[in-house]
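[1] Sequence first, predicted coordinates after that:
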Amino acid sequence: MSVVRGCAAVVALGCAGLAVLFSFMITTDMQTVPGLRDNLAPTAVGALVSAALLVVGAVALGGRPSYAGWAVAAVFGVLVALRMWTLAPMLHCWSYDSVGRNDDGSYSCVNRGDMAP
């Protein structure tokens, strides 16, 4: 494997890590605090899809015998699965602009434009 391909794979994995971290950060507020928040779940799913594509690209750049690349891809797979498990309860609000977390932990979907008198 050439040095350039290896460095490109490391950069792709770093960007994938940032995308997963971004997906956690943008929805932390609506998962922990009751009340209406902007619905950022579709953005988080988009970041996770981008991360998955970056990991696939990094493994392809690393080549087949790169066991470290496959191990990192497995770790990213676990992180993405964990993230999708925590996002799943709010994905039914995909087409709404706001998500409200109820006291019991469930989510209610609201379009704020419908709330005007």
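    Received, thanks.

[2] what about the strands in the chain?
    With DSSP state E, the ranges of strands along the chain come out as 35-38, 98-101, 107-110.

[3] for these, which one ends up most surrounded?
    strand 98-101 (a mean of 20; mean count of other C-beta atoms under 10 Å). Where you see a C-beta, it was placed from the backbone N, CA and C, and this is true even at glycine.

[4] Starting from the lowest-mean-pLDDT helix or strand in the chain, tell me which strands it pairs with and how they run.
    Least confident helix or strand, the chain: strand 35-38 with a mean of 82, by mean pLDDT, DSSP states H and E. Here strand 35-38 is paired, per DSSP bridges, with strand 98-101 (antiparallel).

[5] so how far is the partner strand off the chain centroid?
    Remark: strand 98-101 is offset 18 Å from the chain centroid, using C-alpha atoms, centre = their mean, to the nearest Å.

[6] Make 59 the starting number, not 1.
    Okay, residue one is now 59; in that scheme the one you just asked about reads as strand 156-159.

[7] Return that strand as CSV; C-alpha atoms alone will do.
    Extracted as CSV, the C-alpha positions of strand 156-159 are listed here (Å, rounded to 0.1, in the frame of the first residue of the first chain):
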residue,chain,number,x,y,z
SER,A,156,-40.0,20.2,15.7
VAL,A,157,-39.7,17.3,18.1
GLY,A,158,-41.0,17.4,21.6
ARG,A,159,-39.6,15.0,24.2
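
[8] can you tell me which helix in the chain is longest?
    Secondary structure of the chain per DSSP state H: the longest helix is helix 61-90.
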